[in-house]
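Chemist: coords please:
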Amino acid sequence: MATLSDVARRAGVSPATASRVINGSSKPVTEELRERVLQAVAELQYVPNAHAQLLARSHRGAVGVIVHDVSDPYFSEITRGLQRVATDQGRLLMICNSYRDPERELEYVELLRGQQVAAIVLAGSGYHDADFTRLLNGKLAAYEATGGRVTVIGRHEHSGDAVMPDNRGGGGLLGRELCRLGHEHIGVVAGPRVLTTITDRLTGLRAALAEHGLGLPEHRIRYADFDRDGGAEATAALLDAEPGLTAIAALNDSMAIGALALLRARAVPVPQQVSVFGFDDMPMARDVTPALTTVRLPLVEMGARAMALALDPGAASPRVESLAAELIRRDSTGPAPR
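Modeler: Have a look, this model is predicted:
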């Protein structure tokens, strides 16, 4: 690979002059010298060393994002919004998958701090884990002390900028729709118990059911992996325990799609015998058969707003932006059978 010295030699200038042109220095360079350097760059196909540029500049060009699993459509949509704003501002986006492993999340914070990224966005749910939260906040504080910025999506025990989807309100929409359709025998397919997102969605659902005099006993909730297979397994466990259930409320769309697959395999008609509800309104929700009734969160906008906050150093105090949920009715739900 060509070096900076090779470019300077080809252009007939000093390495310092070549560096000023390539790195966009504010020090003046004549137009003739600038053109000679750029022509040499093109001829030699020179690529600047990113690590050397990082040392030479006060501007940090990269942004780190920690997600639970970018293959999960929920995080794919959020990442679209993050990427859009980062690209518009000329930033490199570094995506780290924690796979819902708190230890790996801590390691990624340290890694991104070492890379001197301009900001870190925590895009996954917070955890009900006091020891982990203490360690995470300590590492984030050390990073922020060096000038880095932190933004979170969802409920985290971190004092800073945040984008808050209305998970509790969305759970309430789900509960009221179940009651409107006359469902009383309801099973819930939930994700991992340790996630704050699950707690908030369940809290909203329970509160809405209670408004109509209905309870949600713990034996009608199954906690499983936050994916299709987890949804199928949890649905099977619910139906085996209580064959009379008339509705399955899954707390994300991937789990709801697993529930639909399990019901189809058992020849249970949806929604004539069992209605299925999802949460998030991922793009696939409208394409499954039957199309999935779900609670919509503005996932792309959540990502875009989080990145905008992360790259805006203007505010002196933490900012919290709340985004509302919306019920989307489709074909997977209907009135409770008599």
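Chemist: Show the model's pLDDT score for the residue lying closest to Gln273 once chain neighbours are set aside.
Modeler: Leaving aside its chain neighbours, Gln273 sits nearest to Pro337 (6.1 Å; criterion: Cβ to Cβ, 6 or more residues apart in numbering). Heads up, the C-betas are built off the backbone N, CA and C, glycines and all. As predicted, Pro337 sits at a pLDDT of 94.
Chemist: Strands of the stretch 51-200 of the chain, start to end?
Modeler: 62-67, 92-97, 119-122, 149-153, 161-165, 186-190 (DSSP state E, counting those that start in this stretch).
Chemist: CSV for the ones you listed, including mean pLDDT and mean neighbour count?
Modeler: Shown next, in CSV, are these (pLDDT from 0 to 100; neighbours: other Cβ atoms under 10 Å):
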stretch, mean pLDDT, mean neighbour count
strand 62-67, 95, 25
strand 92-97, 94, 17
strand 119-122, 96, 27
strand 149-153, 95, 25
strand 161-165, 95, 23
strand 186-190, 98, 26
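Chemist: want to throw the ones you listed into TSV with distance to Arg266?
Modeler: Shown next, in TSV, are the strands of the stretch 51-200 of the chain (distance: least, Cβ to Cβ, whole Å):
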stretch	distance to Arg266
strand 62-67	33
strand 92-97	33
strand 119-122	39
strand 149-153	36
strand 161-165	33
strand 186-190	14
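Chemist: Which stretch among the ones you listed approaches Val320 most closely?
Modeler: Of all the strands of the stretch 51-200 of the chain, strand 161-165 sits nearest to Val320, with 4.9 Å by Cβ to Cβ.
Chemist: so that closest one versus strand 149-153, what angle?
Modeler: 10 degrees (axes from the mean of the first three to the mean of the last three Cα atoms, to 10 degrees).
Chemist: surely Ile198 meets Ala190?
Modeler: Yes - contact criterion Cβ atoms under 8 Å: Ile198 and Ala190 qualify, at 5.3 Å.
Chemist: Common neighbours of those two, please.
Modeler: Common contacts of Ile198 and Ala190 (Cβ atoms under 8 Å, 6 or more residues apart in numbering): Tyr223, Leu251.
Chemist: didn't the residue nearest to Gln273 look like it was pressed against Gln272?
Modeler: Yes - Pro337 lies in contact with Gln272 (Cβ under 8 Å); the separation is 6.8 Å.
Chemist: What are the structural domain limits within this structure?
Modeler: Domain assignment for the chain, taken from automatic domain parsing, gives 4-56, 62-165+300-323, 167-297.
Chemist: winner for burial among the ones you listed?
Modeler: Among the domains of the chain, ranked by average contacts under mean count of other Cβ atoms under 10 Å, first place goes to domain 167-297 (a mean of 20).
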